[in-house]
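Enquirer: I would like the atomic coordinates for the input below:
(chains A, B, C and D)
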Number of protein chains: 2
Amino acid sequence: MTKIVILYFVYKIQYYDFMIEHTSISEPIYLRLKEMILNGELKQGEKIVQEKIAELLGVSRTPLMKALLALENEYLVESIPRRGMYIRSWDKKEIIDIYICREAIEGMAARLLAQSGDENIINQLKDCFSPFLNSKDINLNAYTEADEAFHSLLIKLTGNAPLDKIYFFGNIHEKVIGHGLIRPPEETLNEHFKIINAIEKGDADAAEKFAREHIKKSRDLLFDQ
Amino acid sequence: MTKIVILYFVYKIQYYDFMIEHTSISEPIYLRLKEMILNGELKQGEKIVQEKIAELLGVSRTPLMKALLALENEYLVESIPRRGMYIRSWDKKEIIDIYICREAIEGMAARLLAQSGDENIINQLKDCFSPFLNSKDINLNAYTEADEAFHSLLIKLTGNAPLDKIYFFGNIHEKVIGHGLIRPPEETLNEHFKIINAIEKGDADAAEKFAREHIKKSRDLLFDQ
DNA sequence: TATTAAAAAAATACTTGAAATATTATTTGT
DNA sequence: ACAAATAATATTTCAAGTATTTTTTTAATA
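Expert: Below is the predicted model of the structure:
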């Protein structure tokens, strides 16, 4: 990377967001481990022997520990003092509890977006599902990705950083439910648009209601299994 | 502590919750730092020079780092890569955003408690404020403590661990608003009981509504200032 | 004197090794 | 088969050192 800067400016101001390009080792470790947890390379309940993982990834223990602590805070890793770090395993009760959290968070997000009245927001949300609108055969993988993008976007577009920070449950559902969707696209596509339309209309109560119902339906289905 | 255990049992089962009594150094460091942040010993925006704090607390940097990472995840400390850790400073927008999160979380908690129909829960909630019920002059410090206990209890009593995990904003309000209450006890005491009564009646919608309104009123007041 | 450039100092991020402690597995004796 | 003792393993913490980046200080220049 070539830095072209006026030095006195650098001295006074030094950093802009677009300048940031840090290479911290714990970051890629974190991402790799997350991937390994979510795709099943590391199994639920499995113990993470720190030195072995460090050797496997070719890194030292310090940045590995940092990554593990970040994962612990995202509910992907569980630490038992003096015994070690384990890949968290979620029982039914805990998954339900997570869905309840999502209900609260995403419901509030939908409300906030409806109140914002930002046209650009509507377009971004619509764009998630526009490829599937008039297609007979919906590609499941593509739809799953779109679904995840939509739910994540719903939070991000609020511009509420703390809300985004407490929304780290999106990961978990993917893994725990086993890579598949809980309900078919035919059923959920319509629900997604009910949420988007309510946001577009500026109807905050309806937006929140639909967002909640959408998640609750999946939750209820999990419970029945 | 005297351990009396049948060894073969220990070999097989080994740990119960009540047995846990771990001595990790990062834990007291974490607690001390949290205290220092919340009581103002460490000021907002202040840089945390790791070696100095480590020396001050008489510990090495390893467990200090662990504690700082935990605090970062609780929104009390902000890390800027390669530049250091800083005590987070919250602007008005961010405080509002935090209150919005609380609205979503505590609202959901009130709903869950109302659905539970557990008599014991009602009693615990009532106990928070019973000392102030018939008193003319309410002790502000005592009431502030009771208020914090109540809001924290509201979450804990749901038994929803993930919900409790994402509720780490209780801390912040205390410090940021400046140790004082936003609104007088005369105003909020009644609101608290409206929430409790709705929970007692099992009216989930009302419980959530009142819990939300309660927080929203404080939020609106912050916004007006 | 105000700016700029260069040099020095300080701090972070990471590595590595080692000691202390606790946990887990194995061996031994009854 | 069981209990106790022992050995092996892993975590946690400390510590010292290296490389890199940031910040401060000093010197030079217009």
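
Enquirer: Other residues contacting stretch A:132-142?
Expert: With contact meaning CB atoms under 8 Å, 6 or more residues apart in numbering or on different chains, stretch A:132-142 is reached by A:131, A:143, A:146, A:180, A:181, A:185, A:186, A:189. Every residue, glycine included, has its C-beta placed from N, CA and C.

Enquirer: Mind picking the lowest-pLDDT entry from those?
Expert: Taking these together, the minimum pLDDT is found at residue A:180 (63).

Enquirer: Let's see which of the contacts of stretch A:132-142 end up in helices.
Expert: If you go by DSSP state H, these have A:143, A:146, A:185, A:186, A:189 in helices.

Enquirer: Pull the most distant pair out of these.
Expert: Using CB to CB, the ones in helices among the contacts of stretch A:132-142 reach their maximum pairwise distance at A:146 and A:186, which is 14.1 Å.

Enquirer: more crowded one of those two?
Expert: residue A:146 (21 against 9; other CB atoms under 10 Å in any protein chain shown).

Enquirer: buried residues in the helix of greatest length in chain A?
Expert: Using DSSP H, we find that the single longest helix of chain A is helix A:92-116. When neighbours are counted by 16 or more other CB atoms under 10 Å in any protein chain shown, the buried residues of helix A:92-116 are found to be A:94-114, A:116.

Enquirer: What helices and strands are in contact with it?
Expert: helix A:140-156, helix A:161-165, helix A:170-176, helix A:185-201, helix A:204-224, helix B:92-116, helix B:161-165 (3 or more CB pairs under 8 Å, 6 or more residues apart in numbering or on different chains; DSSP states H and E).

Enquirer: how about the ones you listed in JSON lines, adding distance to DNA strand D?
Expert: Formatted as JSON lines, the helices and strands packed on helix A:92-116 follow (distance: least, CB to the nearest atom of the strand, whole Å):
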{"stretch": "helix A:140-156", "distance to DNA strand D": "26"}
{"stretch": "helix A:161-165", "distance to DNA strand D": "22"}
{"stretch": "helix A:170-176", "distance to DNA strand D": "22"}
{"stretch": "helix A:185-201", "distance to DNA strand D": "40"}
{"stretch": "helix A:204-224", "distance to DNA strand D": "32"}
{"stretch": "helix B:92-116", "distance to DNA strand D": "22"}
{"stretch": "helix B:161-165", "distance to DNA strand D": "19"}
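
Enquirer: mind checking which of the ones you listed is nearest residue B:124?
Expert: helix B:92-116 (10.2 Å).

Enquirer: what's the offset of the closest one from the middle of its chain?
Expert: Remark: helix B:92-116 is offset 12 Å from the chain centroid, using CA atoms, centre = their mean, to the nearest Å.

Enquirer: Just the pLDDT for residue A:23.
Expert: 70.

Enquirer: how about it, secondary structure?
Expert: Secondary structure for residue A:23, judged by DSSP: H, G, I helix; E, B strand; the rest coil, is coil.

Enquirer: So it versus DNA strand D, what's the distance?
Expert: From residue A:23 across to DNA strand D, the span is 7 Å (CB to the nearest atom of the strand, to the nearest Å).

Enquirer: Report the contact partners of the spatially most central residue of chain A.
Expert: In chain A, the centroid-proximal residue (CA atoms, centre = their mean) is residue A:170; its distance is 3.8 Å. Taking CB under 8 Å, 6+ apart as the criterion, residue A:170 is in contact with A:102, A:148, A:151, A:152.

Enquirer: any chance of those residues in CSV, with pLDDT too?
Expert: As requested, the contacts of residue A:170 are exported to CSV (pLDDT from 0 to 100):
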residue, pLDDT
A:102, 96
A:148, 90
A:151, 96
A:152, 95
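
Enquirer: Not counting sequence-adjacent ones, nearest residue to residue A:77?
Expert: Leaving aside its sequence neighbours, residue A:77 sits nearest to residue A:71 (CB to CB, 6 or more residues apart in numbering or on different chains; 4.1 Å).

Enquirer: Output the below-cut-off pLDDT ranges for chain A.
Expert: A:1-22, A:174-180, A:224-225 (pLDDT under 70).

Enquirer: can you list the domains in it?
Expert: Annotated domains of chain A cover A:7-87, A:92-224 [automatic domain parsing].

Enquirer: Please identify the most buried of those.
Expert: domain A:92-224 (a mean of 18; mean count of other CB atoms under 10 Å in any protein chain shown).

Enquirer: so residue A:49 touches residue A:84, yeah?
Expert: Yes: Residue A:49 is within contact range of residue A:84, at 7.2 Å (criterion: CB atoms under 8 Å).

Enquirer: about what we covered before: need the contacts of stretch A:132-142 in JSON lines with distance to residue A:158, can you?
Expert: Shown next, in JSON lines, are the contacts of stretch A:132-142 (distance: CB to CB, whole Å):
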{"residue": "A:131", "distance to residue A:158": "24"}
{"residue": "A:143", "distance to residue A:158": "24"}
{"residue": "A:146", "distance to residue A:158": "19"}
{"residue": "A:180", "distance to residue A:158": "28"}
{"residue": "A:181", "distance to residue A:158": "25"}
{"residue": "A:185", "distance to residue A:158": "25"}
{"residue": "A:186", "distance to residue A:158": "29"}
{"residue": "A:189", "distance to residue A:158": "23"}
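
Enquirer: rewinding a little: so which of the domains of chain A comes closest to residue B:88?
Expert: Among the domains of chain A, the nearest to residue B:88 by CB to CB is domain A:92-224 (11.0 Å).

Enquirer: Measure how far that closest one is from the centre of its chain, please.
Expert: 11 Å.

Enquirer: List the contacts of the nearest residue to residue A:172 once chain neighbours are set aside.
Expert: Spatial nearest neighbour of residue A:172, chain neighbours left out: residue A:98 (6.1 Å); criterion: CB to CB, 6+ apart. Residues near residue A:98 by CB under 8 Å, 6+ apart: A:75, A:90, A:169, A:172, A:173, B:162.

Enquirer: is it true that the second one touches residue A:45?
Expert: No: proximity of residue A:90 to residue A:45 does not meet the contact threshold set by CB under 8 Å, at 10.0 Å.

Enquirer: which one of the contacts of residue A:170 sits closest to chain B?
Expert: Set against chain B, the nearest of the contacts of residue A:170 by CB to the nearest CB is residue A:102 (9.4 Å).

Enquirer: Please consider this matter closed, and thank you.
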